[in-house]
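In: everything below, folded, please.
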Amino acid sequence: SDGTTTYTNQSNPVVITVAKVAGLTITPDAQTNSAVIPGQTGVTMTFRVTNTGNFTDDVIFGANGASLRVVGPATITAATVGASNTNILTNGSAVTQSLAQNGFVDVTVTLSINSNASPGSTVQVLLGDASTNSPTFDNVASDSSANEVRTVSTGATNGSREARGDITVPVNVSDMTLTKSHTGNFTAGSTGTYNFQVNNTGNIASSGTITVTDTLPSGLTVNGGTAGAVTPSGTNAANWTCSSNATNPQTVTCTSSTAIANGGSSTFGITVNVGLGTAVGTNSITNTGTVSGGGQTNVTNDSSSDPTTVVGPDLTVSKTHTPTTFIRGTTGDYSITVSNSGTAATSGTVTVTDTLPTGLSVSNGAITLSGTNAANWSCNAASNVITCTSSTAIAVSGTSVFGFTVNVASNAAASVTNNVSVSGGNEPTSNNGNN
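Out: Sure, this is the predicted structure:
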């Protein structure tokens, strides 16, 4: 009262009803974790499910892993919820978790990566609604949407009842491949070099020891066919250590512990001896090598074959005489032509052997020669066996001609046959049938 007016306190209560607003989030959302490798097991991913509504609510996870899915080369092996570690992957009924406002529960997903997962592929685990891109949540308290994780309260007037989280991991792995090559044709009786290029087609560098194994085709050897160290050649030879065994066919094994970057390669070569017993012809031998190790898991692309053409001389010999008829008690001349009908020039010594028939003779010792290529030959006689040698190469389709004189005995038979043969020149064994 102010002395004139009397005041009385009055109250008018106002009731404010706060609506229940549902809210649910799953994190992480579209996160990329550390990489995995093929064959890896026990890979874990953790999702946090949070009640962002303004009241305590229940969150439900579908039975038998219905709330989960995996995209990519992997298999989910377990998915546990909260401190109880209830496995929602195998639980035969839905799992419910009560969450206070801003409360959360963690879901731990365990998976195994397929052993044949390709480099650069990805594995994605999704917890929640199966919609792709931006999920179109239906906001219904209970329905049959695929893979959903949702709140179950029916008293909320708005907000979001559904959520989805996903984690993606890349698959990192090296992948060794082998490219094998050689230059030109191999020549029997000589040497040839095979080149090996080890490639890493994976998406990470190689690790550990890389091994290249090369079983040589029959006829090719290193170290004379014995066991021992083999000296590699080529750009990256210093990174490789090679050795041979003593088996037939022979195997060369080369190892390197120097990492090959993804997209990179390592190159080396080995020189082989091409024996005379090696098959001759176009692509007559095929050399196959394999690569292993380096941390790779894909073993379906580890070999490389290199068809190789082997060339060699093919010697033939022909013989003529003058005059047409030898006269007893006089002399006669033989002319010998050595021809090369092969695919490579001769190398080394070519030997012609002529055993004179009874009735014909020459003096023991050196023989004087005649003919176009006499200067290339040296002949000696012993007991009427004449041996002639030459180290002058005879080209492909080429010939070498020389001759000598024989004495015809006074009692020589009315008809004699003189046989001659040729050998050497690094002629392959398979070409010896016409000598």
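In: low-scoring stretches of the stretch 51-200 of the chain, by residue?
Out: Along the stretch 51-200 of the chain, segments meeting pLDDT under 70 span 130-146, 153-159.
In: go with 50
Out: 133-134 (pLDDT under 50).
In: do you know how far residue 305 is from residue 220?
Out: 14 Å (C-beta to C-beta, to the nearest Å). To be clear about C-beta, it is placed using only N, CA and C from the backbone, and glycine gets the same treatment.
In: more neighbours, those two?
Out: Neighbour comparison, residue 305 and residue 220: the larger count goes to residue 220, with 26 against 11 (by other C-beta atoms under 10 Å).
In: can you pull the contacts of residue 81?
Out: 61, 88, 95, 97, 105-107 (C-beta atoms under 8 Å, 6 or more residues apart in numbering).
In: which parts of the stretch 101-250 of the chain are strands?
Out: Remark: strands assigned in the stretch 101-250 of the chain by DSSP state E, counting those that start in this stretch are 104-113, 122-128, 149-151, 158-159, 162-170, 176-182, 186-187, 191-200, 210-215, 220-221, 228-230, 241-244.
In: and the helices in this protein?
Out: With helices called from DSSP state H, the chain shows none.
In: of the strands of the stretch 101-250 of the chain, which is nearest residue 35?
Out: strand 162-170 (4.7 Å; C-beta to C-beta).
In: just the CA atoms of the closest one, as PDB, please.
Out: Provided in PDB are the C-alpha atoms of strand 162-170 (Å, rounded to 0.1, in the frame of the first residue of the first chain):
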ATOM      1  CA  GLU A 162      17.600 -43.200 -38.200                       C
ATOM      2  CA  ALA A 163      21.300 -42.800 -38.900                       C
ATOM      3  CA  ARG A 164      24.100 -44.400 -40.900                       C
ATOM      4  CA  GLY A 165      27.800 -44.400 -40.500                       C
ATOM      5  CA  ASP A 166      30.500 -45.900 -42.800                       C
ATOM      6  CA  ILE A 167      34.200 -46.500 -42.800                       C
ATOM      7  CA  THR A 168      36.300 -47.200 -45.900                       C
ATOM      8  CA  VAL A 169      39.700 -48.700 -46.000                       C
ATOM      9  CA  PRO A 170      42.000 -49.100 -49.000                       C
END
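In: which residues are contacting the longest strand along the chain?
Out: Using DSSP state E to define each element, the chain has its longest strand at strand 281-293. With contact meaning C-beta under 8 Å, 6+ apart, strand 281-293 is reached by 176-178, 180, 182, 186, 194, 196, 198, 206, 208-220, 278-279, 299, 302-310.
In: of those, just the buried ones, PyMOL syntax please.
Out: In PyMOL, a selection of the buried entries from the contacts of strand 281-293 looks like this (16 or more other C-beta atoms under 10 Å):
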select buried, resi 176+177+178+180+182+186+194+196+198+206+210+211+212+213+214+215+216+217+219+220+278+279+302+304+306+308+309+310
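In: now residue 264: closest residue in space, sequence neighbours ignored.
Out: residue 200 (5.6 Å; C-beta to C-beta, 6 or more residues apart in numbering).
In: hang on, isn't that neighbour packed against residue 295?
Out: No: taking contacts as C-beta atoms under 8 Å, residue 200 lies outside contact range of residue 295: 9.5 Å.
In: need the residues touching each of those two.
Out: Shared contacts of residue 200 and residue 295, defined by C-beta under 8 Å, 6+ apart, are found at 174, 206.
In: of the two, who's got more company?
Out: Taking other C-beta under 10 Å, residue 200 and residue 295 do not tie; residue 200 has more neighbours (25 against 20).
In: list the contacts for the more buried one?
Out: So residue 200 contacts 174-176, 206, 260-265, 294 (C-beta under 8 Å, 6+ apart).
In: again, only this time at 6 Å
Out: 174, 206, 260, 262, 264 (C-beta atoms under 6 Å, 6 or more residues apart in numbering).
In: same check, this time on residue 149
Out: Taking C-beta under 6 Å, 6+ apart, one finds 61, 67, 128 in contact with residue 149.
In: separation between it and residue 76?
Out: Residue 149 is 15 Å from residue 76, by C-beta to C-beta.
In: with just CA atoms, put the longest strand of the chain into PDB.
Out: Written as PDB, here are the backbone C-alpha positions of strand 281-293 (Å, rounded to 0.1, in the frame of the first residue of the first chain):
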ATOM      1  CA  GLY A 281      64.900 -73.900 -85.100                       C
ATOM      2  CA  THR A 282      62.500 -71.100 -84.900                       C
ATOM      3  CA  ASN A 283      61.400 -70.700 -81.200                       C
ATOM      4  CA  SER A 284      62.800 -74.200 -80.700                       C
ATOM      5  CA  ILE A 285      63.200 -73.600 -76.900                       C
ATOM      6  CA  THR A 286      61.200 -71.700 -74.400                       C
ATOM      7  CA  ASN A 287      62.600 -70.300 -71.200                       C
ATOM      8  CA  THR A 288      60.100 -69.800 -68.300                       C
ATOM      9  CA  GLY A 289      60.900 -67.800 -65.200                       C
ATOM     10  CA  THR A 290      58.800 -67.100 -62.100                       C
ATOM     11  CA  VAL A 291      58.900 -64.400 -59.400                       C
ATOM     12  CA  SER A 292      57.800 -64.800 -55.800                       C
ATOM     13  CA  GLY A 293      57.900 -62.900 -52.500                       C
END
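In: next one: it to chain centre, how far?
Out: Centre-to-centre, strand 281-293 and its host chain are 12 Å apart (C-alpha atoms, centre = their mean, to the nearest Å).
In: ditto for stretch 67-75
Out: 30 Å.
In: cool, stretch 77-88 as well?
Out: For stretch 77-88, the distance to the chain centre is 42 Å (C-alpha atoms, centre = their mean).
In: alpha carbons of that stretch, in CSV - could you do that?
Out: Extracted in CSV, the C-alpha atoms of stretch 77-88 (Å, rounded to 0.1, in the frame of the first residue of the first chain):
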residue,chain,number,x,y,z
THR,A,77,33.4,-62.0,-38.5
ALA,A,78,32.0,-60.2,-35.4
ALA,A,79,30.1,-57.0,-34.3
THR,A,80,29.8,-56.3,-30.6
VAL,A,81,27.8,-53.6,-28.9
GLY,A,82,28.7,-51.8,-25.7
ALA,A,83,30.2,-53.1,-22.5
SER,A,84,28.1,-56.3,-22.8
ASN,A,85,29.9,-57.2,-26.0
THR,A,86,26.7,-58.6,-27.4
ASN,A,87,27.4,-59.9,-30.9
ILE,A,88,24.8,-58.4,-33.1
